[in-house]
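*Asks:* Kindly generate the corresponding structure for this input.
(one chain, ligands or ions: 1)
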Amino acid sequence: MSEENQNKLEYKLGTEVVRIEYEDKWGASVPPLYQSATFMAPDIEHMGMYDYTRSGNPTRTVLQRHLAKIIGCRQVWAVNSGMSCLDVIVRLLHPGDEVVSGDDLYGGTDRLLTYINNNAGIKVGHYDITDTELIKSKINKKTKMVILESPTNPLMKIVDVKTIAQYAHKINPDCIVVFDNTMMTPINMKPLKLGVDIHYESATKYLNGHHDVMGGIIATDSKELADKLYFVINSIGSGLAPFDSWLMLRGLKTLALRFERQQSNCIKVAQFLEDEGFVVHYPGLKSHPQYELHKSQTKGPGAVFSFETSDVKLSERIIHNVDIFHVTVSFGCVNSLISLPCKMSHASISPEVRKERGLKEDVIRICVGIEEPDDLIADLKQAIDAARKGIEN
Ligand code: PLP
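*Replies:* The predicted model follows:
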């Protein structure tokens, strides 16, 4: 099924996210929802453009084309979660292949890569992605995939995407460089333009923006990779459901608005915590050791950061005491969120491995929403003051 992007960006991204292109004979002002598993064939000898929703659905097509336009790539496939993206992508590998990846990956990514390492005859190595020379030294002729994430989460480590992608292709032109762009979104970063082969994102986060849909998107400029990825998605049936595609289209219209507000709020909140004396990990602060590298490959620092309190109990009390922030895993929602990664999103990584990778137990992750920044800062201030006095609400 080919539905390659023919559209070029005509306007700025903030305009294009709202301008969804589709056809409807009634002129509906939002894209129609085709909540249908099957489509009638014109006659027994000819199938129409769509026959079965596992293989293709008009609402999903509108979403995929819209995203391809926003990302500026040949093809986007929409699947039912961010983890499904990675599941589809790693099926391009064969036993005997090697994978080079980071050591501060999202916990679910780490879990799936550990599974294929232990069960699929594929060797996966995890290294400090801030050390470009180390990563280069691990890439060899057997390296068939490099899986990168930047900024990592929760430690906000930055990877030099262009240098690593170029080097991997030089050593092995067949090597597929994969980039998880969930933290930056196409608003801040276009990894394909930096030499990456496959860009994927958990659309559950900013692309949808309201924590009411699970989804994932896979983008590529290569027809060969697009066809191979489609084969897997169609075979296993992981394409995004019509209603979820429709909700995703609705969420996408406010992506630029939401993300810009979340990012500007985040800069203020992170600065407040740094001024309070905490060690803050955020590429939007000049104290971040890779501030310049991040700035050189993105349009902004995003809306997630973490900070250390040096005391697990203090961290737990701060989280108990906040009022506006929801205590939940995930990020990218319009609401501000707070979590203790070692007990929540990264609990699937063993304490020993977490320690080895520098993820301290007291690290608090904050994902900033669209609320008033002064209210967010006031809420954190009261939670910290109470926690320092030993109070736990
Ligand atoms: N990548 C990153 C960076 C994530 O944070 C997550 C989920 O938290 C995923 C991928 C997986 O996405 P999903 O939860 O939609 O499967």
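
*Asks:* got the contact list for Thr204?
*Replies:* Ser81, Gly82, His211, Val213, Met214, Gly215, Gly216, Ser330, Gly332 (Cβ atoms under 8 Å, 6 or more residues apart in numbering). (Each C-beta comes from the backbone N, C-alpha and C, glycine too.)

*Asks:* now do Ala203
*Replies:* By Cβ under 8 Å, 6+ apart, the neighbours of Ala203 are Ala78, Gly82, Val213, Gly215, Gly216, Ile217, Leu240, Met248.

*Asks:* Lys69 too?
*Replies:* Lys69 makes contact with Asn5, Asn7, Lys8, Leu9, Glu16, Glu21, according to Cβ under 8 Å, 6+ apart.

*Asks:* I'd like to know which of the residues you listed are buried.
*Replies:* Asn5, Glu16 (16 or more other Cβ atoms under 10 Å).

*Asks:* Return the closest of the contacts of Lys69 with respect to His199.
*Replies:* Asn5 (13.4 Å; Cβ to Cβ).

*Asks:* How about the contacts made by the residue nearest to that closest one when sequence neighbours are not counted?
*Replies:* Distances taken as Cβ to Cβ, 6 or more residues apart in numbering put Ala68 closest to Asn5, at 3.4 Å, once the chain neighbours are dropped. Applying Cβ under 8 Å, 6+ apart to Ala68 gives the contacts Glu4, Asn5, Asn7, Arg74, Gln75, Val76, Ala219.

*Asks:* the bottom helix or strand of this structure by mean pLDDT?
*Replies:* Every helix and strand of the chain was ranked by mean pLDDT, DSSP states H and E. The lowest is helix 351-356, at a mean of 87.

*Asks:* which residues are in contact with that one?
*Replies:* Asp103, Cys342, His346, Glu361.

*Asks:* Make a PyMOL selection of whichever of the residues you listed turn out to be buried.
*Replies:* Buried members of these, defined by 16+ other Cβ under 10 Å, are picked up in PyMOL with:
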select buried, resi 103+342+346+361
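
*Asks:* among the contacts of helix 351-356, which one has the lowest pLDDT?
*Replies:* Lowest pLDDT among these: His346, with 82.

*Asks:* With the flanking residues excluded, which residue is spatially nearest to that residue?
*Replies:* Nearest residue to His346 in three dimensions, chain neighbours excluded: Gly107, at 4.5 Å (Cβ to Cβ, 6+ apart).

*Asks:* didn't that neighbour look like it was pressed against Ala347?
*Replies:* Yes: assessed by Cβ atoms under 8 Å, Gly107 is found in contact with Ala347 at 7.1 Å.

*Asks:* Tell me which of the two has more neighbours.
*Replies:* Gly107 (17 against 14; other Cβ atoms under 10 Å).

*Asks:* residues touching the more buried one, list them.
*Replies:* Ser345, His346, Ala347, Ser348, Ile349.

*Asks:* quick revisit: sort out for me which of the contacts of Lys69 are in helices.
*Replies:* Glu16 (DSSP state H).

*Asks:* Dump the contacts of Lys69 to TSV, plus pLDDT.
*Replies:* Formatted as TSV, these follow (pLDDT from 0 to 100):
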residue	pLDDT
Asn5	76
Asn7	68
Lys8	72
Leu9	77
Glu16	96
Glu21	95
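
*Asks:* The stretch 151-300 of the chain: strands as residue ranges?
*Replies:* 176-180, 198-202, 216-220, 279-281 (DSSP state E, counting those that start in this stretch).

*Asks:* Would you reformat the ones you listed as a markdown table and include mean pLDDT and distance to Ala383?
*Replies:* Shown next, in a markdown table, are the strands of the stretch 151-300 of the chain (pLDDT from 0 to 100; distance: least, Cβ to Cβ, whole Å):
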| stretch | mean pLDDT | distance to Ala383 |
| --- | --- | --- |
| strand 176-180 | 98 | 31 |
| strand 198-202 | 98 | 28 |
| strand 216-220 | 99 | 33 |
| strand 279-281 | 97 | 16 |
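
*Asks:* So for Ser296, which of these sits nearest?
*Replies:* strand 176-180 (15.7 Å).

*Asks:* For the residue nearest to Asn5, pull up the helix or strand it's in.
*Replies:* helix 58-71 (DSSP states H and E).

*Asks:* What residues of that helix count as buried?
*Replies:* Result for helix 58-71 [16+ other Cβ under 10 Å]: buried residues 58-71.
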